[in-house]
Every structure is written in structure tokens, then in C-alpha cells.
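**Student:** just the structure for this:
(2 chains)
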Amino acid sequence: ETGVTQTPRHLVMGMTNKKSLKCEQHLGHNAMYWYKQSAKKPLELMFVYNFKEQTENNSVPSRFSPECPNSSHLFLHLHTLQPEDSALYLCASTQRAGGPDTQYFGPGTRLTVL
Amino acid sequence: AQKITQTQPGMFVQEKEAVTLDCTYDTSDQSYGLFWYKQPSSGEMIFLIYQGSYDEQNATEGRYSLNFQKARKSANLVISASQLGDSAMYFCAMRSYNNNDMRFGAGTRLTVKP
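**Tutor:** Numbers count the residues shown, from 1 in each chain, chains lettered A, B, ... in the order given. Take a look at the predicted model:
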């Protein structure tokens, strides 16, 4: 595997379900990010992790819970979501947080909340 | 606050011709990076080109070049010799060197006609 991978690619869940999104980067980077991309809206940064420590939470509702066990893996745990949470969730990584480093993105998980 | 503006929701170009996608930004920071990404229908955000705020030369990467006009705060993407595979959404983004926040524009949908 190369670059940034995300699983699953598609997810349909009910409002009472609990599910998790997984992101893995194979680039040796130290910073990882979660973004939400809704229809007709710009990408919204959700969380930033630098060396496994959360450095940014962009006022994300608590029904989204991130986890970063090491610099290569990032999870987004989902529970009691709302239909408006349906979106494409993108993971990205950089060599380090801050600075001019290019963000490399995974293919995204397309989430539908029924 | 940083803001990215892409004023062209959609653009059409004939195959083999050049096209310019507009991007303006607003920031009070002196040190920042500007990025362009391509997002095909599959959803993955593909990095295309980067320009640093202190770079005096316009960035080029193959058929992509960035027309950087710092005083006007514009960072337009020029795609030369358009190909059918260039049809996608294109996002302009900016990141200050001082923080983790990567801001994205609303995107331009480019359609290349045969």
C-alpha cells in the first residue's frame, strides 16, 4: 500500500449505530487530519493530530470522536449521527503540522446517515 | 481570518486548449503556502502544485502552472493542452506557516470537451 488509504470507502448507517472510519498513511508523516466535505460547501477541517497528540478540534460535535494510536493511523468514531452528517470524510497527512508542507489525501469515505 | 475565493463554479474548455482557473485569497499573514488540488468523481483529492509566499518564480509542474500575483493576492491555476482526463473539480487552498488550518475555496468544476 502507498500513500494514504481509507476504509471503508462507502458507509451507510442509521442514527443509532456506532461505526468507525479508519485512515492509514504510508508516507512516514507525523501529522494527520480529518476533513468533512458536504455538498456545495468548502472542505471543513475537523481535527488535527501532530505526533499522536490532538492539536486542533474545530468545534466538532461530540458525536464525532477521533483517535490516533500512532503517527500512521487515525480513526474517526461515529455515534448517534444526524442525517446532516452525511458527507465525504477525507483524511490527510503531512510531514509535520504547520508550515508549508503539502497535505496528501486519502480517497475518502462517503458516509450516508439514514 | 483567511479566506479563499474561487469565483468560477464551472468552466468549459476544448480539448488541447489552455484554461485558467481563478483563485484569490485574503490573509494578514506574511508567510503562507498556496495549493491546488484536483478532485475527480472518485473523491480523492490529488495534489497538483504548490507556491510559497516568498517564491519569486511562478511554480510549474508539467502542464500545470500557477500564476502568482502577490500584490493582488491571486493564485490562478493554468492548465495547458487540456485533456479529457482533466475534467474534475479543482480546489485552491491556502495554509499559513503559523497554524494547522488549511482553508479551501468552494471549487471550480472543469469540463473538457472533445
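
**Student:** what does chain B have sitting close to chain A?
**Tutor:** When proximity is defined by CB under 8 Å from any CB of the partner chain, chain B lies next to chain A at B:4, B:32-33, B:35, B:37, B:42-47, B:50, B:52, B:91, B:93, B:95, B:97-107. In this view, the C-beta of every residue, glycine as well, is placed from N, C-alpha and C.

**Student:** mind giving me the ChimeraX select for the residues you listed, buried ones only?
**Tutor:** Buried subset of these, written as a ChimeraX selection, criterion 16 or more other CB atoms under 10 Å in any protein chain shown:
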select /B:4,32,33,35,37,43,44,45,47,50,91,93,95,97,99,100,102,103,104,105,106,107
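
**Student:** check contacts around residue 46.
**Tutor:** Assuming you mean chain A. Contacts for A:Met46 were tallied using CB atoms under 8 Å, 6 or more residues apart in numbering or on different chains; they are A:33-36, A:57-58, A:60, A:64, A:66, A:76.

**Student:** that's the wrong chain, I wanted chain B
**Tutor:** A:105, B:37-40.

**Student:** repeat the analysis, applying 10 Å as the threshold.
**Tutor:** Under the criterion of CB atoms under 10 Å, 6 or more residues apart in numbering or on different chains, the contact partners of B:Ile46 comprise A:104-105, B:36-40, B:88, B:90.

**Student:** show me what the lowest-mean-pLDDT helix or strand in chain B is packed against.
**Tutor:** Across the helices and strands of chain B, mean confidence by mean pLDDT, DSSP states H and E is lowest for strand B:102-104: a mean of 89. When contacts are defined as 3 or more CB pairs under 10 Å, 6 or more residues apart in numbering or on different chains; DSSP states H and E, strand B:102-104 sits against strand A:31-37, strand A:44-50, strand B:3-5, strand B:32-39, strand B:88-96.

**Student:** can you list those in TSV and add distance to A:Leu81?
**Tutor:** Putting those into TSV (distance: least, CB to CB, whole Å) gives the following:
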stretch	distance to A:Leu81
strand A:31-37	12
strand A:44-50	13
strand B:3-5	28
strand B:32-39	24
strand B:88-96	25
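
**Student:** for A:Gly99, what are phi and psi?
**Tutor:** In this entry, A:Gly99 is assigned phi and psi values of phi 80, psi -180 (degrees, to the nearest 10).

**Student:** just to revisit the earlier point, and the contacts of B:Ile46, which are buried?
**Tutor:** With neighbours counted by 16+ other CB under 10 Å, the contacts of B:Ile46 contain buried members at A:104-105, B:36-39, B:88, B:90.

**Student:** so what sits opposite the most centrally placed residue in chain A in the bridge?
**Tutor:** The central residue of chain A, meaning the one whose C-alpha is nearest the mean C-alpha position (CA atoms, centre = their mean), is A:Trp34 at 3.0 Å. Taking DSSP bridges, one obtains A:Phe47, A:Cys91 as the residues bridged to A:Trp34.

**Student:** ok, B:Arg109 - contacts?
**Tutor:** By CB under 10 Å, 6+ apart, the contact list for B:Arg109 reads B:8-12, B:39, B:87-90.

**Student:** now the helix or strand containing it: average pLDDT?
**Tutor:** In the assignment (DSSP states H and E), B:Arg109 maps to strand B:108-113. Per-residue pLDDT values over strand B:108-113 give a mean of 97.

**Student:** which parts of that strand are buried?
**Tutor:** The neighbour-count check on strand B:108-113 (16+ other CB under 10 Å) flags B:108, B:110, B:112 as buried.

**Student:** which one of those is nearest chain A?
**Tutor:** Closest approach to chain A among the buried residues of strand B:108-113 (CB to the nearest CB): B:Thr108, at 12.1 Å.
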